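Have a look; sequence and predicted model below, questions after that.
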Amino acid sequence: MKIAINITREQMGGITTTNLSLLNQLHGSNDVSFVGIELNSNRSFKSASLFRHLSPEWFSHHVISVCDYPLGVMIKRSKNLADLEKRFAPIILLIRKILQKERPDVVLLNGTYYMPWLISIACKKEKIPVVLWYAGVLSQETSHFAVKEKNLMWNMERAVVHNATKVIFPSTICKEKVQRSVVNSTKVRNALVIPNPISPLFTQHKSPESSVENRIAFVGRFAQIKNPAGFIKIHKALLKCKWKHEATIVTNVQSIDRRKIPKTITVLPSMTPSELKIFYATQGVIICPSLFETFGNVPIEAACIGIPVLVHNNMGCAEVLNESNLRKCVIDFNDEAAVIKRVKELCGQQILIRQINNLRKRVDVKYISQEIILVIKSVIEK
């Protein structure tokens, strides 16, 4: 069985970490092999070191540069989604040629942004079934865009969903959000919920860490949907009430304006999973104030090694935290006073071993990989 997937090389991206967990778990299997399709917006780039450990006969990596097709420019020149598709026709043709050469049995598509959208179009033309693995709700992440761009993104997301034979949601909250705001239906056809797998680097950690008091951190993209402004607001409120602490933001430093971040906050660049694990262990609590997330790997990684987390109840991972009896790690970030109180309460505490074990079982990559493969097999057999 050959599976094609769209991949990225952004170390802190949820798609990258989720894909790597799946690929590492299945690597070397005689029953399955993978084709990685990467659409890179740069003209010049190094080889993707994240995938070098995968056997080339098991994992075939194709890269297409879309540097001459900047999305912003393409959107400005397009009247509607059909027009945008025509402008990307040369890229779609290149994807089709890869699919014709590799002939995968199915495509496991991550996310609904324009790159997965282009691949889904190529799959439809080549009559290759698509399993859509939701990663971010595009219409939510672009809700602050201008009307034209926002409508194009909404239609793009709808198109990807409709091109899919089966849809895997990482949380119930994601499924319900897509049903309400994307497909305008009470039901997405052939849908099921499977949590994101977490790397054994975190789930097979031998013992809980002793977290460090009065250190708070935000880890993730500096995007509006992730709400880093909410983290900064919490930091300022803690300073105002004279609660001494250290605050850190770990993000893609090239995408931020450092002048907009208080000098009292340390800013660190993106990290590898191994570096992140070490970083988590130095923190008192990892704070995730995202306005909405389909899942949220970062807080689950931290909690799996025993570090307290505090996540917005509008994040998909809140479901597995609640199921693991970690309800204190979930809160409504609209209640600032309650959030400040909970940060102080959690910071420097330890998560109980039985809670960690409950959480690890729910995000175990071995179990979830088997679930994903069963879904893929059902699509191929059909």
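Looks like it arrived, so ask away.

need the contact list for residue 71.
residue 114 (C-beta atoms under 8 Å, 6 or more residues apart in numbering). The C-beta positions use only the backbone N, C-alpha and C, and glycine is treated the same way.

For it, report the pLDDT, please.
In this prediction, residue 71 carries a pLDDT score of 94.

Please tell me how far it sits from residue 118.
11 Å (C-beta to C-beta, to the nearest Å).

show me where pLDDT drops low in the chain?
Along the chain, the parts satisfying pLDDT under 70 run over 11-12, 186, 207-211.

try it again with 80
Flagging of the chain using pLDDT under 80 yields the residue ranges 10-13, 184-187, 189, 205-213, 255, 382.

What are the boundaries of the strands in it?
2-6, 33-40, 59-65, 106-110, 130-133, 166-169, 191-193, 215-219, 246-250, 265-268, 285-288, 309-312, 330-331 (DSSP state E).

from those, which stretch is densest packed?
When the strands of the chain are scored by mean count of other C-beta atoms under 10 Å, the highest mean neighbour count falls to strand 285-288 (a mean of 27).

So what are the sheet partners of it and their directions?
Sheet pairing of strand 285-288 (DSSP bridges) gives strand 215-219 (parallel), strand 309-312 (parallel).

Dump it to PDB, restricted to CA.
Output of strand 285-288 as PDB, limited to C-alpha atoms (Å, rounded to 0.1, in the frame of the first residue of the first chain):
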ATOM      1  CA  VAL A 285       3.400  26.200  33.100                       C
ATOM      2  CA  ILE A 286       2.900  26.300  29.400                       C
ATOM      3  CA  ILE A 287       0.100  28.700  28.500                       C
ATOM      4  CA  CYS A 288      -2.000  28.200  25.300                       C
END
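
List the buried residues for stretch 375-382?
Neighbour-count burial for stretch 375-382 flags 375-376, 379 (criterion: 16 or more other C-beta atoms under 10 Å).

One more: stretch 107-125?
So, applying 16+ other C-beta under 10 Å, buried residues of stretch 107-125: 107-123.

how much space between residue 170 and residue 23?
17 Å.

more neighbours, those two?
A direct count of neighbours by other C-beta atoms under 10 Å for residue 170 and residue 23 places residue 170 higher, at 28 against 21.

Report how many residues lie close to the closest residue in space to residue 17 that isn't next to it in sequence.
Nearest residue to residue 17 in three dimensions, chain neighbours excluded: residue 297, at 5.4 Å (C-beta to C-beta, 6 or more residues apart in numbering). By other C-beta under 10 Å, the residues close to residue 297 number 28.

dump the residue contacts of residue 297.
Here residue 297 is in contact with 14, 17-18, 196, 198, 317 (C-beta under 8 Å, 6+ apart).

Top of those residues by number of neighbours, please.
Neighbour count (other C-beta under 10 Å) singles out residue 317 as the most crowded of these, with 32 neighbours.

gap between that residue and residue 177?
Distance, residue 317 to residue 177, using C-beta to C-beta: 14 Å.

same deal with residue 116?
Distance, residue 116 to residue 177, using C-beta to C-beta: 18 Å.

Helices - which of the buried residues of stretch 375-382 land there?
375-376, 379 (DSSP state H).

ok, of those residues, which one's closest to residue 1?
Closest approach to residue 1 among these (C-beta to C-beta): residue 376, at 7.3 Å.

Now do the contacts for that closest one.
1, 3, 105-106, 108, 131.

ok, now residue 250?
Contacts of residue 250 (C-beta under 8 Å, 6+ apart): 12, 217-220, 267-271, 276, 279.

For it, list each beta-bridge partner.
For residue 250, the beta-bridge partners are residue 219, residue 268 (DSSP bridges).

ok, residue 202 to residue 151 distance?
Distance from residue 202 to residue 151, by C-beta to C-beta: 39 Å.

meant to ask about residue 194, not that
30 Å.

returning to that earlier point: quick check: the two most widely separated of the contacts of residue 250?
So, the contacts of residue 250 by C-beta to C-beta: farthest apart are 267 and 276, at 15.3 Å.

number of nearby residues for the closest residue to residue 304 other than its chain neighbours?
Nearest non-adjacent residue to residue 304, counting by C-beta to C-beta, 6+ apart: residue 202, 4.2 Å away. Counted with other C-beta under 10 Å, the neighbours of residue 202 add up to 23.

Surely residue 202 touches residue 299?
No: Residue 202 sits out of contact with residue 299 when judged by C-beta atoms under 8 Å, with a separation of 11.1 Å.

Residue 292 reaches residue 313, doesn't it?
No: contact criterion C-beta under 8 Å: residue 292 and residue 313 do not qualify, at 10.6 Å.

starting at the chain centroid, how far to stretch 354-366?
Distance of stretch 354-366 from its chain centroid, counting by C-alpha atoms, centre = their mean, to the nearest Å, is 19 Å.
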